[in-house]
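Engineer: this one's sequence-less:
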C-alpha cells in the first residue's frame, strides 16, 4: 500500500513564499503530481516530477527526493487567488493515490 | 474544454435507492476513474477502467459497481445508497504517458451526491 502525508492547513501573507510538504511511503511509483483545487471545483494540474530535483514553472516549483520519500511545492509571490487546497499524488500502475491535501489560506 | 463531463452535477436521493452517475469523455483516453472526496480523507479511488469492459476495484469499492460499454462512457452505480455514500464524486481520464502536451490525468467537475 501507500501512505502519503501532508500538513492540513497553513496561512500565508500575500506576496510571500510558502512551501507545502509531502512525505510518502510506497513500494514504487512512476512520478509525483501536484494539483491545485479551489473549493467546489475539480483538481487542476500544477506539476509532475519523475526525477529527483526541482521543476520550475513560473511562480510554482516542485521538488522530489525519492531516496527521502519527500516532495515539496513552492509557491512564490503569493496572490489571493492561490487560496486553495494543494494535493500531492503518486502515479503508479496507471492510477493516482492522493494525500489528504493541504489548505492554503492567503491573507492580505 | 477538457473533454470530460459528469452528470448529474448535483443529486439528492433517499437511502436504499439505486443511483447512477455518468462520466463522458471526448478525448478517446483509455483509462477512466471514479474517485470520491470527503473532508479529512482526500480523494480516494473507487473503481477504474483500462478499456471497454475492463474494470477493476480501487481502495473503497464496497457498495459501488461500474460499467464501461463504450470508450467514452464510464458509469458508477450505487446499488442501494447509504448515508455514508454522501460525498463529492470525481471522474478522471488519462492516457498511459505524460509529456508536454499531455498532463496525465484530467478531472471532471464533480457530482455532489447527498443521501438522506
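Structural biologist: Perfect, thanks for sending it. These numbers come from a predicted model, not from an experiment.

Engineer: so what secondary structure elements neighbour the helix or strand bottoming out on mean pLDDT in chain A?
Structural biologist: Using mean pLDDT, DSSP states H and E, strand A:3-5 stands out as the lowest-scoring helix or strand of chain A, at a mean of 81. In terms of contacts (3 or more CB pairs under 8 Å, 6 or more residues apart in numbering or on different chains; DSSP states H and E), strand A:3-5 is packed against strand A:18-25, strand A:84-92. The way it works is simple: take the backbone N, C-alpha and C, and place the C-beta from them, glycine included.

Engineer: Buried ones in that strand, by neighbour count?
Structural biologist: residue A:4 (16 or more other CB atoms under 10 Å in any protein chain shown).

Engineer: cool, and stretch B:18-33?
Structural biologist: B:19, B:21, B:23, B:24, B:25, B:29, B:30, B:31, B:32, B:33.

Engineer: Would you agree residue A:43 is in contact with residue B:107?
Structural biologist: Yes. Counting by CB atoms under 8 Å, residue B:107 is a contact partner of residue A:43 at 5.2 Å.

Engineer: More neighbours: those two, which one.
Structural biologist: Applying other CB atoms under 10 Å in any protein chain shown to residue A:43 and residue B:107 shows that residue A:43 carries more neighbours, namely 28 against 24.

Engineer: wait, what's in contact with the more buried one?
Structural biologist: A:35, A:36, A:37, A:87, B:43, B:90, B:107 (CB atoms under 8 Å, 6 or more residues apart in numbering or on different chains).
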